[in-house]
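Trainee: Show me the folded form of this:
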Amino acid sequence: MVKPTQTEDQLVEERAIFPKENYRFMLIGIVVVIIGFLLMLGGKSPDANTFNADDVYSFRRITLAPIVIVLGLLIEVYAIMRRPKH
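Mentor: You can find the predicted model right below:
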């Protein structure tokens with residue numbers, strides 16, 4: 001068998017797509033989005049035949065959780081668009 005030789009043109013520098021700081025912001029954004037979804041959880045009623053509108057349509061689930069999720073998505077956009085400082 002003949003081993004292929006590598007020329008200078010074939011050598012590729014391996015590096016990450018984003019700098020390390022961008023990945024930190026991405027991780028923070030993912031955590032914020034997960035927190036938003038966790039804020040939406042709940043509302044389990046002890047009796048399946050009763051409906052408690054206060055639990056389902058609470059401020060936390062209708063207003064706060066979507067705001068937190070959008071904030072997390074904005075952090076993700078910032079992490080992707082951020083340019084490294086030289």
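
Trainee: host element of residue 26?
Mentor: With elements delineated by DSSP states H and E, residue 26 resides in helix 20-40, which encompasses its position.

Trainee: Buried residues, that helix. List them.
Mentor: With burial defined by 16 or more other Cβ atoms under 10 Å, the residues of helix 20-40 counted as buried are 22, 25, 26, 29, 32, 33, 36, 39. Where you see a C-beta, it was placed from the backbone N, CA and C, and this is true even at glycine.

Trainee: contact partners of the lowest-mean-pLDDT helix or strand in the chain?
Mentor: The least trusted helix or strand in the chain, going by mean pLDDT, DSSP states H and E, turns out to be helix 53-56, with a mean of 82. Defining contact as Cβ atoms under 8 Å, 6 or more residues apart in numbering, one finds that helix 53-56 is touched by 42, 43, 45.

Trainee: any idea how far the first one lies from residue 54?
Mentor: Residue 42 sits 12 Å away from residue 54, taking Cβ to Cβ, to the nearest Å as the criterion.

Trainee: Could you work out the end-to-end span of stretch 50-70 for me?
Mentor: Distance across stretch 50-70, first residue to last, is 32 Å (Cα to Cα, to the nearest Å).

Trainee: ok, of the contacts of helix 53-56, which one's closest to residue 86?
Mentor: Lowest distance from residue 86 to these (Cβ to Cβ) belongs to residue 42, with 47.0 Å.

Trainee: Regarding that closest one, what is its secondary structure?
Mentor: When classified by DSSP: H, G, I helix; E, B strand; the rest coil, residue 42 comes out as coil.

Trainee: Please tell me how far it sits from residue 82.
Mentor: As it turns out, when the distance is counted by Cβ to Cβ, residue 42 lies 35 Å from residue 82.

Trainee: Compare neighbour counts for the two and give me the winner.
Mentor: Looking at residue 42 and residue 82 with other Cβ atoms under 10 Å, you find the greater number of neighbours at residue 82, namely 14 against 11.
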